[in-house]
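Asker: Kindly return the folded structure for what I paste below:
(one chain, ligands or ions: 2)
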Amino acid sequence: MKVVILAGGQATRLLPLTSNTPKAMVPVLNIPFLEYVIRHLGRHRVTDVVLAQSHLAQTITDYFLDGARFGSQLTYVVETVPLGTAGAVKNAAGYLDETFLVLNGDTFTDLDISAMIDFHRQTRARLTIACTPVEDPSSYGLIETDGRSKITRFLEKPEKSQITTNMVNAGTYVVEPEVLEYIPAGTVFSFERQLFPKLLERGEPLYAYPSPAYWIDIGTPEKYHQLNRDLLSGKSNQYPFSSTQRVTIGERSQIHATARITGPAVIGDSCAIGAGVSLIGPVVIGPGCTILEETTIEDSIIWQDTRLEKQVYIKSSIVASGCHLKSNSIVENSVIGNNVTIDSGYQLKPGSKIGPGAVVKNADNQ
Ligand code: GDD
Ligand code: MG
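Answerer: Ligands and ions are numbered 1, 2, ... in the order given. I've put the predicted structure just below:
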């Protein structure tokens, strides 16, 4: 079965992490997000993958190439202007002539895709939507069903007063090719706001496949951070390293004998970790990072090639690639984009988001 992965959104809510990294490529335990998605599909024998892209398409292509390294065959379909979720699938219609899957390219799930496909066949649905329970449905697509899983209403981003259930669209669909006829070609068109309501109006059988499997949409820095924490604490069955190891250290990394690492932690290849450094998990350090003496990192994610000087303190934060945090700087509950420099002794206001390339200086140094 073929799958269309929607990987062309602007990812504005994930800024500054996605200013020059597509959402699909943000590293999760040092592995690009989309790699988990493609491997999970492969475990369900879905290896024929069409990637529907627009924003920052080349970075994805350069990494995945033809997909052979991941046991899949990848086809890239690039929209010159983003066509919306359904418009992107219509744009790939030339590849789709049998029952196919569609995936939001920013959801991480342990969903049993094979069981969902069986369910779709049993109900003879025109389209089946995986759904998952969430605490607050207001940033998702609400799904109402009758007592037999048949969808009666779909409401994207409901107002608080419209919330009748905690079951929402989990962003995986099994679709019959006839559905493509409902999507106009070359026009911006949305599954959630246009296609689902239209199919329901026409009486097409839409079914919900509820699943209690681990599920998260990495659309915001908080959710992205949470996915890393959840994988490190064993909440998903897709932990990519030996699960008996609480601390995973990459090749050629040098860790000083006096550094203290409290797991769970993942440290990439070719890192240098100095004397008295303290890593307090959950922590992820990207490849090629240098961390100098007495620096402390707690509950944080550092992307590749970042340099942290002496006695830096980082807590509950994300620091992207190529950053330079000078000695004694303090970063808490913040998100720092690529190639940011933070001056010595600078205490970043908690909750900060720093755009790529910024140089953050003390007033008396300017
Ligand atoms: N190719 C392409 N072109 N992809 C797109 C486009 C487009 O124009 N617009 C969005 N996408 C991709 C995004 O990259 C993402 O992977 C996916 O489609 C969903 O878009 P989001 O922008 O992340 O939507 P959302 O998270 O607000 O809501 C969607 O996902 C929820 C579950 O996480 C909806 O499907 C909700 O109904 C659902 O509950
Ligand atoms: Mg999303």
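
Asker: Could you pull up the residues touching the residue of the stretch 51-200 of the chain found nearest ligand 2?
Answerer: Using C-beta to the ion, the closest approach of the stretch 51-200 of the chain to ligand 2 is made by Asp106 at 4.3 Å. Where you see a C-beta, it was placed from the backbone N, CA and C, and this is true even at glycine. By C-beta atoms under 8 Å, 6 or more residues apart in numbering, the contact set of Asp106 is 9, 11, 23-24, 33, 171, 217-219.

Asker: Which members of those additionally contact ligand 2?
Answerer: 217, 219 (C-beta under 5 Å from the ion).

Asker: ok, which pair from the contacts of Asp106 is furthest apart?
Answerer: Farthest pair in those (C-beta to C-beta) is Ala11 and Gly171. Separation: 14.4 Å.

Asker: which of the contacts of Asp106 tops the neighbour count?
Answerer: Ala24 (30 neighbours; other C-beta atoms under 10 Å).

Asker: ok, that residue to Gly281 distance?
Answerer: Going from Ala24 to Gly281 by C-beta to C-beta, to the nearest Å gives 26 Å.

Asker: Ok, Phe70 next?
Answerer: Distance, Phe70 to Gly281, using C-beta to C-beta: 28 Å.

Asker: So which residues on the chain come close to ligand 2?
Answerer: Residues of the chain that fall close to ligand 2, judged by C-beta under 5 Å from the ion: 106, 217, 219.

Asker: when you check the residues you listed against the strands, which ones overlap?
Answerer: Of these, the ones assigned to strands by DSSP state E are Asp217.

Asker: could the residues of the chain next to ligand 2 be laid out in CSV, adding pLDDT?
Answerer: Below are these laid out as CSV (pLDDT from 0 to 100):
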residue, pLDDT
Asp106, 95
Asp217, 96
Gly219, 92
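
Asker: Can you tell me which of the residues of the chain next to ligand 2 is nearest Glu98?
Answerer: For the residues of the chain next to ligand 2, the closest approach to Glu98 (C-beta to C-beta) belongs to Asp106, at 25.7 Å.

Asker: Contacts only, for the residue of the chain found nearest ligand 2.
Answerer: Evaluated by C-beta to the ion, the chain has Gly219 as its residue closest to ligand 2, separated by 3.9 Å. Going by C-beta under 8 Å, 6+ apart, Gly219 touches 11, 13-14, 23, 106, 139.

Asker: What degree of burial does Phe16 show, as a neighbour count?
Answerer: You called it Phe, but residue 16 is Pro. Pro16: 21 surrounding residues under other C-beta under 10 Å.

Asker: show me what contacts it?
Answerer: 320, 335-338, 353-356.

Asker: gap between it and ligand 1?
Answerer: 17 Å (C-beta to the nearest ligand atom, to the nearest Å).

Asker: so where's the stretch 251-366 of the chain shaky on pLDDT?
Answerer: 364-366 (pLDDT under 70).

Asker: who does the residue in it that ligand 1 sits nearest to bridge with?
Answerer: Nearest to ligand 1, among the residues of the stretch 251-366 of the chain, is Val335, at 17.7 Å (C-beta to the nearest ligand atom). Taking DSSP bridges as the rule, Val335 bridges to Ile318, Lys353.

Asker: thought it was touching Lys353?
Answerer: Yes - when contacts are counted by C-beta atoms under 8 Å, Val335 is listed as touching Lys353 (4.8 Å).

Asker: which of the two has more neighbours?
Answerer: Under the criterion of other C-beta under 10 Å, the comparison of Val335 against Lys353 puts Val335 first, with 24 against 13.

Asker: for stretch 128-137, which positions count as buried?
Answerer: 128-132, 134, 137 (16 or more other C-beta atoms under 10 Å).

Asker: Domain map for this structure?
Answerer: The record's domain parsing of the chain by automatic domain parsing lists 2-232, 247-365.

Asker: So for the residue lying closest to His44 once chain neighbours are set aside, what pLDDT did the model give?
Answerer: Using C-beta to C-beta, 6 or more residues apart in numbering and skipping the chain neighbours, the partner closest in space to His44 is Ile113 (4.0 Å). In this prediction, Ile113 carries a pLDDT score of 98.

Asker: Give me the neighbour count for Ile113.
Answerer: 25.

Asker: Which residues are in contact with it?
Answerer: By C-beta under 8 Å, 6+ apart, the contact set of Ile113 is 40-41, 44, 46, 101, 172.

Asker: Those: which two are farthest apart?
Answerer: His40 and Leu101 (11.6 Å).

Asker: The two - which one has more neighbours?
Answerer: Using other C-beta under 10 Å, the more surrounded residue of His40 and Leu101 is Leu101, with 25 against 19.

Asker: Great, nothing more from me.
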